[in-house]
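Q: Starting from these lines, generate the structure:
(chains A and B)
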There are 2 protein chains.
Amino acid sequence: MEFSHELRRQVDRIERGLDELLPGASERPSRLHEAIRYSISSGGKRLRPVLVLATVDLFKPATAVDGLPAAIAIECLHTYSLIHDDLPCMDNDDLRRGRPTVHKAFDEATALLAGDALLTHAFSLLAVHYASNPALATALIHELADAAGSRRLIGGQMEDLLAEKNASTSAADLNFIHLNKTAAMIEAALVLGGLIGDATEPQVQALRSTGRHLGLAFQIMDDVLDATGSSSTLGKTAGKDAKANKATFVRLHGLEASRRLANEYTEQAKAALSTLDGDKAFLTALIDSMANRIR
Amino acid sequence: MEFSHELRRQVDRIERGLDELLPGASERPSRLHEAIRYSISSGGKRLRPVLVLATVDLFKPATAVDGLPAAIAIECLHTYSLIHDDLPCMDNDDLRRGRPTVHKAFDEATALLAGDALLTHAFSLLAVHYASNPALATALIHELADAAGSRRLIGGQMEDLLAEKNASTSAADLNFIHLNKTAAMIEAALVLGGLIGDATEPQVQALRSTGRHLGLAFQIMDDVLDATGSSSTLGKTAGKDAKANKATFVRLHGLEASRRLANEYTEQAKAALSTLDGDKAFLTALIDSMANRIR
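A: I've put the predicted structure just below:
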């Protein structure tokens, strides 16, 4: 297996799935559906949906259950969180992956509603496309709603905003933020893939641990990139964290310690994954590429 | 059955359910959970969740499946839509049921996230509490996600905002807005109740028609109240629609024709309901009270 070739194949599947599984831009109200399509076709790396598909493949290379709708659901959810995070009352960002953010390209109300619609659509996709296996559908929705809820994704975003106003963010606070704002959705991607692959409970726990550690490594490297990279590498405005007085690993621990911690978390992610059977070459390479984006 | 007594009993059940089925205000992040509790304990009339419970009772007075989690889910979804509608980039309302709106009592970012969390929690409640009957859980989530999605609730809100900027809103446009912004969630309340009560497909269709017509009557009376009532009767700022250049039935058709149309829709709602068996006294009285709020 050649990693970049397999990655390209999975991303192509996801791009086609996004096109098929989202409402058409001409559907009423067209302005809303145009904004949804604009936000989702932003040239993102599709890492979370690729994680879903790769995990399904790990368990059942020729599975009867298609992982694609779940992969699209998690990308819808991720995109909603970016649209709302970029709004003026939140991070107030004008650029996302080198293009105007949704509220800049459209307006704030349209961006708010496009985010709401993508969040809702994620659950719709799971309920509709896994309806023939309702126990699976219910488990997927439960997992995604927990990961996206007020105790995890939204809670992490809330604590992140509160930390900006707080001069003394502790290492424990920062861990809460990263564990929930970033790691929750990466963890959910692996768990959804496992559920679709009919993983046992201990296997799901191993996937959860893999996702959690990968998510923490990924967020720390994001902080490192923000402090050292350029806007074009990062696809968003670099140096913004320091300017916004964001709580980051780099600010708390310095660059060297941050890099070291990211490496440790990456090794822990791979160790958790190694307890599972099956061909893990692609997933392992994907973890390495996510955790080592600038090396 | 005495209507007001039975209504009180159902509302009390719902208030207790809300208290039990939402995260505690002290859970981390407490500011977020406080805002959620603030928004949901606003003294609303709980009409949508009462519709769920009353419809369940219509089919199975002693049903084995509890309608309460679905009732709470629909109230969470309704409350999210109010929080987001009140935001400055949307209707920019400072008052809701006589109290400061969430972004006034807290701040915009917290209001945005509290709405996101309530939307997510609605789906979580359905997935968790109906997990022992996953086919039902999946059907409930499918119905709610459709009603709340970009083609219905969110689409109606989008068209409503667009209509403010458009001097010539047609009767057809206004019907689209009311059918989706208001009627979708009232329709969903009756359908969720029917699904929990194990209604047949024709029975679900009768409930859908009941809810749709009731929703249209309800919205027209809301327009009438906004044009004629005081802020205290309405529980929000009266006269706001005209000021915001809102497309309303009253503006398009006048007061008398609006009242007549509301009556017609109410009769159609009751006609659709009358095709169903069971004790419809409470539901019929509820429809009358919803459609005739000032008479």
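Q: quick one: pLDDT of the residue nearest to residue A:152 when sequence neighbours are not counted?
A: Once flanking residues are discounted, residue A:152 sits nearest to residue A:184: 4.1 Å by Cβ to Cβ, 6 or more residues apart in numbering or on different chains. All C-beta atoms are positioned from the backbone trio N, CA, C, and that covers glycine. Here the pLDDT value assigned to residue A:184 is 98.
Q: Wait, residue A:184 touches residue A:216, no?
A: No: if you go by Cβ atoms under 8 Å, residue A:184 and residue A:216 don't touch, sitting 10.9 Å apart.
Q: Show me the strands in chain A, by range?
A: A:95-96, A:99-100 (DSSP state E).
Q: deepest of those strands, which one?
A: By mean neighbour count, with neighbours taken as mean count of other Cβ atoms under 10 Å in any protein chain shown, strand A:95-96 ranks first of these at a mean of 20.
Q: May I have the strands that pair with it, each with its orientation?
A: Here strand A:95-96 is paired, per DSSP bridges, with strand A:99-100 (antiparallel).
Q: give me every residue that touches residue A:212.
A: Counting by Cβ atoms under 8 Å, 6 or more residues apart in numbering or on different chains, residue A:212 makes contact with A:179, A:183, A:186, A:187, A:269.
Q: from those residues, which is closest to chain B?
A: residue A:179 (11.6 Å; Cβ to the nearest Cβ).
Q: Correct me if wrong: the closest one contacts residue A:156.
A: Yes: counting by Cβ under 8 Å, residue A:179 touches residue A:156, with 7.1 Å between them.
Q: The two: which is more packed in?
A: Neighbour count, other Cβ atoms under 10 Å in any protein chain shown: between residue A:179 and residue A:156, residue A:156 has more, with 23 against 18.
Q: Any buried residues in stretch A:253-268, and which?
A: Using 16 or more other Cβ atoms under 10 Å in any protein chain shown as the test for burial, stretch A:253-268 gives A:253, A:258, A:259, A:261, A:262, A:263, A:265, A:266, A:268.
Q: and what of stretch A:100-116?
A: A:101-104, A:106, A:108-116.
Q: tell me, which of the residues you listed make contact with chain B?
A: Subset of these in contact with chain B: A:108, A:109, A:110, A:112, A:113, A:115, A:116, counting by Cβ under 8 Å from any Cβ of the partner chain.
Q: which of the residues you listed sit farthest apart?
A: The most widely separated members of these are A:108 and A:116, with 12.7 Å between them, by Cβ to Cβ.
Q: so how far does stretch A:269-282 reach from one end to the other?
A: Taking Cα to Cα, to the nearest Å, stretch A:269-282 runs 14 Å from one end to the other.
Q: which residues are in contact with it?
A: A:1, A:3, A:6-7, A:54, A:57-59, A:61, A:203, A:206-207, A:209-214, A:217, A:283-284, A:287, A:291.
Q: For residue A:92, which residues are in contact?
A: Applying Cβ under 8 Å, 6+ apart, we find residue A:92 in contact with residue A:86.
Q: err, residue A:71, not the other one
A: Contact analysis of residue A:71 by Cβ under 8 Å, 6+ apart lists A:14, A:17, A:48, A:49, A:50, A:52, A:53.
Q: nearest to chain B, of those residues?
A: residue A:48 (16.7 Å).
Q: could you point out where the stretch 1-150 of chain A is predicted with low confidence?
A: A:1, A:61-63 (pLDDT under 70).
Q: okay, now residue A:167: neighbour count?
A: Residue neighbour count, defined by other Cβ under 10 Å, stands at 8 for residue A:167.
Q: quick one: contacts for the spatially closest residue to residue A:258 that is not a sequence neighbour?
A: With Cβ to Cβ, 6+ apart as the criterion, residue A:258 has its nearest non-adjacent residue at 4.5 Å, and that residue is residue A:249. Residue A:249 is in contact with A:174, A:178, A:219, A:220, A:223, A:224, A:257, A:258, A:261, counting by Cβ under 8 Å, 6+ apart.
Q: The fourth one contacts residue A:178, doesn't it?
A: Yes: assessed by Cβ under 8 Å, residue A:220 is found in contact with residue A:178 at 7.4 Å.
Q: near chain B, which residues of the stretch 101-250 of chain A show up?
A: A:107-110, A:112-113, A:115-117, A:119-121, A:123-124, A:126-128, A:130-131, A:134-135, A:137-139, A:141-142, A:145-146, A:148-151, A:154-155, A:157-159, A:161-162, A:176.
Q: Could you rerun that using 6 Å?
A: A:108-109, A:113, A:116-117, A:120, A:123-124, A:127, A:131, A:134-135, A:137-138, A:141-142, A:145, A:148-150, A:154-155, A:158-159, A:161 (Cβ under 6 Å from any Cβ of the partner chain).
Q: just the buried members of the residues you listed?
A: Buried subset of those (neighbour count, 16+ other Cβ under 10 Å): A:108-109, A:113, A:116-117, A:120, A:123-124, A:127, A:131, A:134, A:137-138, A:141-142, A:145, A:148-150, A:154-155, A:158-159, A:161.
Q: For residue A:207, give me its contacts.
A: Counting by Cβ atoms under 6 Å, 6 or more residues apart in numbering or on different chains, residue A:207 touches A:190, A:191, A:194.
Q: can you do 10 Å?
A: A:51, A:55, A:58-59, A:187, A:189-195, A:197, A:199, A:272-273, A:275-276, A:283 (Cβ atoms under 10 Å, 6 or more residues apart in numbering or on different chains).
Q: Need the pLDDT of the closest residue to residue A:214 other than its chain neighbours.
A: Once flanking residues are discounted, residue A:214 sits nearest to residue A:269: 4.1 Å by Cβ to Cβ, 6+ apart. pLDDT recorded at residue A:269 is 97.
Q: Repeat that for residue A:279.
A: 93.
Q: ok, residue A:265 to residue A:283 distance?
A: As judged by Cβ to Cβ, to the nearest Å, residue A:265 and residue A:283 stand 16 Å apart.
Q: just residue A:262 next, same as before
A: 18 Å.
Q: Check residue A:8 too.
A: In terms of Cβ to Cβ, residue A:8 sits 16 Å off from residue A:283.
Q: ok, now residue A:259?
A: Separation of residue A:259 from residue A:283 (Cβ to Cβ) stands at 23 Å.
Q: And for residue A:136?
A: According to Cβ to Cβ, residue A:136 and residue A:283 sit 21 Å apart.
Q: ok, the two, which is more surrounded?
A: A count of neighbours by other Cβ under 10 Å puts residue A:283 above the other of residue A:136 and residue A:283, at 25 against 20.
Q: pretty sure that one is touching residue A:52, no?
A: No: in this structure, residue A:283 is not within contact of residue A:52 by Cβ atoms under 10 Å, at 11.2 Å.
Q: Give me the pLDDT for whatever residue of the stretch 151-295 of chain A ends up closest to chain B.
A: Closest to chain B within the stretch 151-295 of chain A is residue A:158: 4.4 Å, counting by Cβ to the nearest Cβ. With respect to pLDDT, residue A:158 scores 97.
Q: didn't it look like it was pressed against residue B:107?
A: No: using Cβ under 10 Å, residue A:158 makes no contact with residue B:107, being 11.0 Å away.
Q: pLDDT wise, what is the spatially closest residue to residue A:266 that is not a sequence neighbour at?
A: Among residues not flanking residue A:266 along the chain, residue A:291 sits closest, at 4.0 Å (Cβ to Cβ, 6+ apart). Residue A:291 is assigned a predicted lDDT (pLDDT) of 82.
Q: are any of the contacts of stretch A:269-282 buried, and which?
A: Buried members of the contacts of stretch A:269-282, counted by 16+ other Cβ under 10 Å: A:6-7, A:54, A:57-59, A:203, A:206-207, A:209-214, A:217, A:283-284, A:287, A:291.
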